[in-house]
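# Using only what follows, build the 3D model:
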Amino acid sequence: MNTNHWIRQFHRWVAIAFTLSVIVTSVALAQEEPVAWVSYLPLLPLLPLALLALTGLYLFALPYFGKGRDAASGH
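Sure thing, here's the model as predicted:
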């Protein structure tokens, strides 16, 4: 498995986990009397957000850097 595939898979799974945490937090805070500690849950995804940003920027730039390599190799 090459590095690009691993980064793409990692990005997908972190995005899924982050989305689920946002949904759970939203549902928990929508209750009539939410538990006080639930309001701190949005602070936890800061690391996943940073990872999503880094891997997303890498995946975004990958086609632009790949074109130079393909042109140089004659493909």
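# Could you tell me which ranges of the protein sit under the pLDDT cut-off?
Low-confidence segments of the chain (pLDDT under 70): 1, 39, 41-43, 45, 67-75.
# Next, name the residue at the spatial heart of it.
L52 (3.0 Å; Cα atoms, centre = their mean).
# now that one: how far from R12?
Per Cβ to Cβ, to the nearest Å, L52 is found 10 Å from R12. Where C-beta positions appear, they are placed from N, C-alpha and C, glycine not excepted.
# and what of F18?
11 Å.
# Between these two, tell me which one has more neighbours.
With neighbours defined as other Cβ atoms under 10 Å, F18 and R12 compare such that F18 has more, 16 against 11.
# can you tell me the helix or strand for the residue lying closest to that one once chain neighbours are set aside?
Closest residue to F18 apart from its sequence neighbours, by Cβ to Cβ, 6 or more residues apart in numbering: P48 at 4.8 Å. Assigned by DSSP states H and E, P48 belongs to helix 46-73.
# Next: F10.
Element membership for F10 (DSSP H and E) is helix 3-29.
# Now do the buried residues in that helix.
Across helix 3-29, burial judged by 16 or more other Cβ atoms under 10 Å covers I7, H11, V14, F18, T25.
# my read: the residue nearest to the centre of the chain touches W13, true?
No - between L52 and W13 there is no contact under Cβ atoms under 8 Å: 10.5 Å.
# that older thread, okay, angle between the helix holding F10 and helix 46-73 too, please.
150 degrees (axes from the mean of the first three to the mean of the last three Cα atoms, to 10 degrees).
# elements contacting helix 3-29?
Under the contact criterion of 3 or more Cβ pairs under 8 Å, 6 or more residues apart in numbering; DSSP states H and E, helix 3-29 touches helix 46-73.
# Now the helix it packs on: buried residues?
By neighbour count on 16+ other Cβ under 10 Å, the buried set for helix 46-73 is L51, L52, T55.
# Disregarding flanking residues, what is the spatial nearest neighbour of the second one?
Read that as L52. V14 (5.6 Å).
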